[in-house]
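> sequence and predicted structure, then a few things I'm wondering about:
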Amino acid sequence: MKYITSYIWLVPVFVLIQVLILNNIQFVNFINPLVYLVLIITLPQDTERWFLLIFSFLIGILLDLFEGNIGLNSSSLVFVSFLTPYLQRVIIAKNSIDEKDRLSLQILGFKTFSIYALSIILIHHSFLFLLDHFSSSGILFLIFKIFLSSIITYLIILIFQLFSFKTTE
């Protein structure tokens with residue numbers, strides 16, 4: 001839990017990146033990368049559940065206030081945060097990493113990190129876009145939007161992870 005302060009300081013940075021830059025860049029009018037998920041994905045396994053839920057709600061409510069969608073981002077982030085410990089138990093092999101380590105590409109390896117990150121991203125995007133576009137018309141458009149936005153978000157998170165690699169000498 002020593003990383004809590006660094007994560008709290010990163011919240012405004014990622015919220016501003018999302019609101020000021022990424023929300024204004026619409027790829028093909030329906031792909032919207034949501035990179036703030038990297039804050040949830042990389043939290044260590046030993047993070048207390050109460051902190052994970054409150055932290056996610058804080059990120060979500062800040063995004064909701066800036067975007068004018070009260071409840072949309074916060075509910076989807078809290079939902080993902082509720083499922084995150086279960087996903088960690090299923091995807092990350094027991095005793096393969098120290099529970100105090102940040103869950104990163106370097107620690108988990110490419111395959112495990114990809115499965116873990118894509119699971120969280122797909123669940124989040126599905127929940128968010130289903131709430132946002134709640135109608136039976138355009139289901140193919142919605143599936144296409146979820147899939148493409150998830151892939152773009154994953155690629156951006158992967159790039160963040162590649163830049164955050166620390167060399168050991």
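That came in fine, so what should we check first? Numbers count the residues shown, from 1 in each chain.
> tell me the average confidence for stretch 6-25?
Mean pLDDT, computed over stretch 6-25, is 88.
> now do the longest helix seen in the chain: distance to the chain's middle.
Determined from DSSP state H, the single longest helix within the chain is helix 139-163. Its chain's average C-alpha position is 11 Å from that of helix 139-163, according to CA atoms, centre = their mean, to the nearest Å.
> then stretch 92-108?
17 Å.
> now do that stretch: distance from first to last residue.
8 Å (CA to CA, to the nearest Å).
> check stretch 22-41 too.
19 Å.
> buried stuff in that stretch?
Buried residues in stretch 22-41, counted by 16 or more other CB atoms under 10 Å: 22, 31, 32, 33, 34, 35, 36, 37, 38, 39, 40, 41. From N, CA and C alone the C-beta is placed, and that goes for glycine too.
> what ranges of the chain fall below the confidence cut-off?
1-3, 26, 29, 135-137, 165-169 (pLDDT under 70).
> can you rerun that using 50?
167-169 (pLDDT under 50).
> quick test: name the residue nearest the centre of it.
residue 37 (1.8 Å; CA atoms, centre = their mean).
> distance of that residue from residue 11?
Counting by CB to CB, to the nearest Å, the separation of residue 37 from residue 11 is 13 Å.
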